[in-house]
Every structure is written in C-alpha cells, then in structure tokens.
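Participant: Build me a model from this:
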Amino acid sequence: MPAPGDSPGHRAGAAASPVAGAVVVRPRSAPGLSPSRANDYLQCPLLFRFRVVDRLPEPPSAAAVRGTLVHSVLERLFDAPAGQRTVEAARALLAPSWADMLVERPECSEVVEEDEGLSGWFGGAGQLLETYFTLEDPNRLEPAERELKVSTELEDGLLLRGVVDRLDVAPDGALRVVDYKTGRSPRAGYEGSALFQMRFYALVLARLRDRVPAMLQLVYLKDGTLLRHVPTPAELATTEKRVQAIWAGIRRTAEAGSWEPRTSPLCGWCAHQAICPAFGGTPPPIPEGAVELSLGVRPGGR
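Facilitator: I've put the predicted structure just below:
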C-alpha cells in the first residue's frame with residue numbers, strides 16, 4: 001500500500017500538473033512508511049520531502065506507465081480460468097486495461113509518442129508479457145491474492161504498508177511473495193534495494209500471518225530473469241531494525257528541517273531538478289502544517 005506521497009499502483013507517476021493558480025488537495029493517509037518511500041529517503045532526503053511532504057506533481061514517465069499497464073494485465077490474466085491464460089489472452093487485455101488507466105489518469109496518454117502510436121505502445125508492453133510466459137506458466141498457478149494491500153503497526157507505533165503484486169499459498173500454507181519488475185534485473189552484488197523491498201513485504205506478512213514467507217520471488221520482464229530468495233527470521237528482525245532506523249532518520253530530518261539533496265546518477269531521472277539546490281534551483285516553502293500532517297512530526301520539535 002502506498003505511503004503518503006506514493007504514486008498510484010506503483011508505477012504510473014504522480015498526478016498531472018495543476019492548473020495555474022489552482023489548489024490541489026489530495027487525501028493523505030496516516031503517517032507511515034512503504035518500501036518505495038524508504039528508498040526515496042535513502043536516495044535523497046529532498047526527493048522524499050518533495051514526494052511525501054510537499055506532494056509535488058511529477059509528469060508520468062513512459063517506463064512507469066508501461067509498468068502500470070503490464071501489472072494491470074498480469075493481475076487481470078488470472079481472472080480467466082486455467083487453460084485460457086495465454087499470451088494472446090494477455091495481449092487482448094492491453095487495450096481494455098489501457099482504457100481503464102486513462103479514465104483514472106488521462107495524463108498517462110502523454111507518454112505515447114506520435115510516431116509510435118498505440119500499436120507501437122502496446123507492442124512494447126506485449127514483449128514484456130511474452131517474456132513473462134517464458135518464466136512462469138500462469139495456467140499452473142492459482143494466486144491466493146493479487147495486488148494485496150498490507151499494513152502492520154510496529155511496537156513503536158510506526159505503520160508499515162505496501163502492495164504485494166501476488167501472493168501464492170501452497171497447500172501446506174507456505175507463502176511465496178511475488179513482485180513483477182518491468183525493468184532489467186540488477187547486476188550481481190546490486191540486488192540490495194530489490195531485496196530490501198521484498199524483505200519489507202515479508203516482515204509485514206510474517207506479522208500478519210504469523211508465518212515467515214518461504215520464498216521471495218522477483219520476476220524481471222526486461223531480461224527474463226527470476227531472482228529468488230529464502231528469508232529467515234533473523235533477516236526479518238534485521239529488516240525491522242533497519243526500517244526503524246530509516247524512520248528515525250526521517251523524523252530527525254523533519255524536526256530539523258534539513259531536507260538536503262543527495263546527488264547520484266539517478267538525478268538524471270528526477271522531475272525536480274529545476275527546484276533542487278544541487279542544480280541551482282530553490283525549493284518552494286513547505287506548506288503550513290504539511291510536515292506534521294504527512295509525518296506526525298513538528299519541525300523544531302515543538
């Protein structure tokens with residue numbers, strides 16, 4: 001489940017740019033943390049502020065919108081009975097899934113290039129779906145849950161939340177947590193961020209179901225790679241401590257108002273360079289009360 005400032009689903013980007021002079025009011029949920037927002041803070045505290053506190057709009061990116069579309073198709077695919085979950089059936093779901101996306105988020109249409117057209121757009125998404133069928137046979141699967149919103153509160157009051165793409169439950173009750181990725185798999189030794197997300201989900205599910213998941217599985221559709229990991233109770237205990245440490249850092253930063261930028265190669269994909277001090281910009285003032293509303297923290301420790 002998204003934390004405050006999370007984009008819908010995981011993946012289509014933030015809301016369309018507001019009309020000049022208009023006040024955009026979006027509902028906020030209780031302060032908490034999701035894997036994506038935790039990674040935002042670790043990547044750049046200022047980016048976290050822009051997304052969670054200021055809730056600044058970001059234009060949709062082609063990669064994020066395509067990811068949302070493919071996730072939607074893979075969720076709907078399991079509505080069909082076993083035996084009818086084919087590549088052709090998946091491709092046939094692209095158009096209705098896209099139409100539904102545009103009803104909710106019409107700005108997503110901006111990512112389709114004129115010279116590409118819808119046929120080219122669907123073609124790129126279709127290739128990712130074809131790769132999926134080389135990695136799993138959906139006709140042999142009966143997911144217990146799809147797009148499962150999960151949340152749990154730790155003893156210190158921190159609310160953890162997220163959305164699990166798919167949860168498989170074996171006859172003996174063993175849990176397999178599955179997440180689809182439409183990008184490439186990480187290079188050897190660089191799996192940390194992806195595994196942090198999966199361990200985060202495993203921690204939440206273990207608390208909810210009183211059972212450590214037996215398998216964490218990442219399905220990379222760009223290069224056809226499966227990344228599997230067997231979590232342990234000790235790992236999840238370490239993950240809980242790490243999440244609490246990240247949240248403590250967020251609270252300290254919020255109380256001090258020290259939302260400093262942290263530059264990295266990922267800055268090239270940031271939608272907020274124009275207002276980032278690292279690139280000569282000036283961040284806007286934080287809206288009155290936004291820090292306390294978003295994070296339950298008063299700047300200055302008041």
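Participant: so what's the backbone phi/psi at the residue nearest to Met101 when sequence neighbours are not counted?
Facilitator: Spatial nearest neighbour of Met101, chain neighbours left out: Cys108 (5.6 Å); criterion: Cβ to Cβ, 6 or more residues apart in numbering. For every residue, glycine as well, the C-beta is placed using N, CA and C. The phi/psi pair for Cys108 (degrees, to the nearest 10) reads phi -60, psi -20.
Participant: correct me, but Cys108 touches Leu102?
Facilitator: Yes: with contact defined as Cβ atoms under 8 Å, Cys108 reaches Leu102; the gap is 6.1 Å.
Participant: Neighbour count for those two, which is higher?
Facilitator: The neighbour count for Cys108 versus Leu102, taken as other Cβ atoms under 10 Å, is higher for Cys108 (21 against 12).
Participant: In contact with Leu167, which residues?
Facilitator: Neighbour list for Leu167: Pro143, Ala144, Glu145, Arg146, Leu148, Leu175, Arg176, Val177, Val178, Leu205 [criterion: Cβ atoms under 8 Å, 6 or more residues apart in numbering].
Participant: If you drop the residues flanking it in sequence, what lies closest to it?
Facilitator: Glu145 (4.1 Å).
Participant: For Val177, see how far away the one you found is.
Facilitator: Computed with Cβ to Cβ, to the nearest Å, the distance linking Glu145 and Val177 is 10 Å.
Participant: Could you do Pro35 as well?
Facilitator: Distance from Pro35 to Val177, by Cβ to Cβ: 12 Å.
Participant: Overlap in contacts, those two.
Facilitator: Contacts common to Pro35 and Val177, judged by Cβ under 8 Å, 6+ apart, are Tyr201.
Participant: Could you measure from Ile250 over to Phe50?
Facilitator: 14 Å.
Participant: Dihedrals phi and psi, the residue nearest to Leu167?
Facilitator: The phi/psi pair for Glu145 (degrees, to the nearest 10) is phi -150, psi 150.
Participant: How many neighbouring residues does it have?
Facilitator: Glu145, neighbours per other Cβ under 10 Å, totals 15.
Participant: I figured it was touching Asp165, is that so?
Facilitator: No: if you go by Cβ under 8 Å, Glu145 and Asp165 don't touch, sitting 9.4 Å apart.
Participant: Met101 in helix, strand or coil?
Facilitator: helix (DSSP: H, G, I helix; E, B strand; the rest coil).
Participant: Contact partners for it?
Facilitator: Taking Cβ under 8 Å, 6+ apart as the test, what Met101 contacts is Ala12, Val65, Thr68, Leu69, Ser72, Cys108.
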